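Novice: model the structure of this input:
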Amino acid sequence: MKRLLQLAFTWWNGATAGTLLTTWRHGEFVGEDEFGNRYYRKPGKDPTVGVERRWVIYNGEADGSAVPPGWKGWLNNTVQTPPSAENYRPREWQKPHLPNRTGTPQAYRPQGSILRSGERPPATGDYQPWTP
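Specialist: Numbers count the residues shown, from 1 in each chain. You can find the predicted model right below:
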């Protein structure tokens, strides 16, 4: 019952019922990445956009940053060959996935932030308050 309610009312937990129905009817499985995300395509060009439709069903919470670089290029139609069909290796400048930590206790908080623990540094003296 819980899974049925998630399918009906949430889009961030994997896929919605509409996406699963479209995948079942029109989707062609292309591959899976190291995070368990599954990639699909609808063969042929879509007349509304002029390219073939490609999509991902996330393993767990939908996080666009969880798509590896090779799959990201394929999803955006930058490359035509999916990483599952070739021996793809990320380049040295492509970093591994780090989850988005915004809104969590591990979020980046720069020095001087009111959410950062510790003492705020003193003003540097370059601030001039406006007076009318």
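
Novice: what about the longest helix in the chain?
Specialist: If you go by DSSP state H, the chain has its longest helix at helix 17-26.

Novice: let me know the next secondary structure element after it.
Specialist: Once the chain leaves helix 17-26, the next helix or strand it forms, by DSSP states H and E, is strand 28-32.

Novice: mind giving me the packing neighbours of the next helix or strand after that next one?
Specialist: Sequence order places strand 38-42 as the next helix or strand after strand 28-32, per DSSP H and E. Counting contacts by 3 or more CB pairs under 8 Å, 6 or more residues apart in numbering; DSSP states H and E, strand 38-42 packs against strand 28-32, strand 53-57, helix 69-75. For the C-beta atoms, the positions are set from N, CA and C on the backbone; glycine is no exception.

Novice: now do strand 38-42 against strand 28-32, angle only.
Specialist: 150 degrees (axes from the mean of the first three to the mean of the last three CA atoms, to 10 degrees).

Novice: run me through the strand neighbours of strand 38-42, direction for each.
Specialist: Here strand 38-42 has these sheet partners by DSSP bridges: strand 28-32 (antiparallel), strand 53-57 (antiparallel).

Novice: give me whichever of those strands is most buried.
Specialist: strand 53-57 (a mean of 19; mean count of other CB atoms under 10 Å).

Novice: can you add mean pLDDT and give the helices and strands packed on strand 38-42 back as a markdown table?
Specialist: Formatted as a markdown table, the helices and strands packed on strand 38-42 follow (pLDDT from 0 to 100):
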| stretch | mean pLDDT |
| --- | --- |
| strand 28-32 | 92 |
| strand 53-57 | 91 |
| helix 69-75 | 88 |
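
Novice: please consider this matter closed, and thank you.
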